[in-house]
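A.B. asks: how would this look folded up:
(chains A and B)
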Protein chains: 2
Amino acid sequence: MGLGPGDECLMAPQALEAIHQADVVVGYTGYIKLIAPNLLEGKEVLSTGMMAEVERCRRAVDEALSGKKVVMVCSGDPGIYAMAGLVMELLEVRDLFRDICFEVVPGIPAFVAAAALLGAPLMHDFASVSLSDLLTPWDKIEKRLKCAADADFVIAIYNPRSKKRAGHLNDAIRIIKTFRSGTTPVGIVNKAYREGQRVQLVTLDTVNEQDVDMQTVLIIGNSSTRAVSGKMLTPRGYAGKYDI
Amino acid sequence: MGLGPGDECLMAPQALEAIHQADVVVGYTGYIKLIAPNLLEGKEVLSTGMMAEVERCRRAVDEALSGKKVVMVCSGDPGIYAMAGLVMELLEVRDLFRDICFEVVPGIPAFVAAAALLGAPLMHDFASVSLSDLLTPWDKIEKRLKCAADADFVIAIYNPRSKKRAGHLNDAIRIIKTFRSGTTPVGIVNKAYREGQRVQLVTLDTVNEQDVDMQTVLIIGNSSTRAVSGKMLTPRGYAGKYDI
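C.D. replies: Numbering: from 1, shown residues only, chains lettered A, B, ... in the order given. Sure thing, here's the model as predicted:
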């Protein structure tokens, strides 16, 4: 299930209900902390650190197999760079789809939350690219950035930085700038709807890698995106067709 | 603000609160119907038909300018093929950003709701393309489909059909098939989380344009996406790196 960006006011009732119904709550420690403590009372809570995704999902499946109701919590949406797919892979490998009832409860994704704070940057066709090369070769990431920029998609960037990977964001910006003006607006959102939230509006020329961490999402405008009163606007095209 | 896909159990508390606080609720008739009638009691409700977007947003701005609290309801997320951008354009043209406090309340987008019903198709980089050529030239849409397919993005398709535009979905599928196998899984979701919901899993070779309407979202797998126990799974890549 997806908690949404973090603030309870953006968590769907179905997500709350999933926690309420669960015997066991499994998740990354940082996400478990986003849940109100009273919701977790009387429940078994299995939290693990950032890099233990496979172990976390395996334990969730084991608990479910023992007959317990298990909820795996993810921030944002569980199907976007999160755990829904890995749980499915484990169910597939162990041939458990008949034994375990598997359901995905969607949430407001991080890039959609970031967009809302920035204004209306996603109003036209968009693409989302993760810069994490832990599971994806960097040349595949580069190709996606090139194609997305060439086709004039608004581009959401996930995982723009890690300790192991310096320079990836700068490489990505350089690729996008071969297709798009340096004055293109870029929204940088850290910790959307969480304590410490920070929203910045810069341009492709002025993106600073120091402003991003693994909790940052960037939204890069298309060729029509403009800054309007401190917000980011990608027009859909009404002004060209209708008298607005 | 965004209602999410339609079912109240997926509407964020902040969205409910926005309706609760509003003097005036503006929206497409079909979306107003998704709101529980008791929530609308005592409020001015301005609903308009499908094609009156500009008129709808203009009235919302006029009402806000008269000092009322106005909420413009959209299904899904208000910033994805919806009204957040047009409201911003009107505020910009009329230079009203200092007079009217503008805020976007995000919602679970239609394609994210569709993905949850299908399993985990969005686990890797994805692109979203609307096939509506009312405001976008068809050759631009074709270019985006080509680039998205070439870069191996999972592809969400919005607005796959209208009365005026027969054949666009078939054209889109033909373009994508020049880059991707005909056996690639395709999820077709009509009316996600609404009365009449229908979820189908087919392939690029077997997509039938008769199965889609303007309330349908399609999700086309990338080169790794597979059908697993009637669901759609795009592996992130854990199996190649870890022993799962």
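
A.B. asks: Now the worst-scoring helix or strand of chain A on mean pLDDT: buried residues?
C.D. replies: Each helix and strand of chain A was given a mean pLDDT (mean pLDDT, DSSP states H and E); the minimum falls on helix A:238-241 at a mean of 77. Within helix A:238-241, the residues that count as buried by 16 or more other CB atoms under 10 Å in any protein chain shown are A:238-239. Yep, even glycine has a C-beta here, placed from its N, CA and C like the rest.

A.B. asks: Just list what that helix packs against, helices and strands only.
C.D. replies: Under the contact definition 3 or more CB pairs under 8 Å, 6 or more residues apart in numbering or on different chains; DSSP states H and E, helix A:238-241 sits against helix B:84-93.

A.B. asks: Give me the distance between A:K68 and B:L135.
C.D. replies: Here the criterion is CB to CB, to the nearest Å. By it, A:K68 lies 50 Å from B:L135.

A.B. asks: quick check: domain ranges of chain A?
C.D. replies: Under the assignment named as automatic domain parsing, the residue ranges that make up the domains of chain A are A:8-93, A:110-233.

A.B. asks: In TSV: those, plus distance to B:V112 and mean neighbour count.
C.D. replies: Putting the domains of chain A into TSV (distance: least, CB to CB, whole Å; neighbours: other CB atoms under 10 Å in any protein chain shown) gives the following:
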stretch	distance to B:V112	mean neighbour count
domain A:8-93	5	19
domain A:110-233	8	20
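
A.B. asks: So which residues of chain A form helices?
C.D. replies: A:13-21, A:29-32, A:53-65, A:84-93, A:110-118, A:138-150, A:168-177, A:238-241 (DSSP state H).

A.B. asks: Contacts made by the second one with the rest, please.
C.D. replies: Going back to what we said before, that points to helix A:29-32. Identification of contacts with helix A:29-32 by CB atoms under 8 Å, 6 or more residues apart in numbering or on different chains yields A:3, A:25, A:40, A:45, A:47-50, A:73-75.

A.B. asks: how does it look with 10 Å?
C.D. replies: Taking CB atoms under 10 Å, 6 or more residues apart in numbering or on different chains as the criterion, the residues outside helix A:29-32 that touch it are A:2-3, A:6, A:25-26, A:40, A:45-50, A:52, A:72-76, A:82-83, A:194, A:215.

A.B. asks: Next one: A:R226 from A:A115, what distance?
C.D. replies: Shown here: A:R226 relative to A:A115, a distance of 15 Å by CB to CB.

A.B. asks: contacting residues around the most centrally placed residue in chain A?
C.D. replies: With distances taken as CA atoms, centre = their mean, chain A has A:A110 as the residue nearest its mean C-alpha position (4.1 Å). The neighbourhood of A:A110, defined by CB under 10 Å, 6+ apart, consists of A:2, A:4-6, A:75-77, A:80-82, A:128, A:156, A:158, A:189, A:191-193, A:215-217.

A.B. asks: Kindly identify which of those also come near chain B.
C.D. replies: Restricting those to those touching chain B (CB under 10 Å from any CB of the partner chain) yields A:2, A:4-5, A:76-77, A:80-82, A:128, A:156, A:158, A:192-193.
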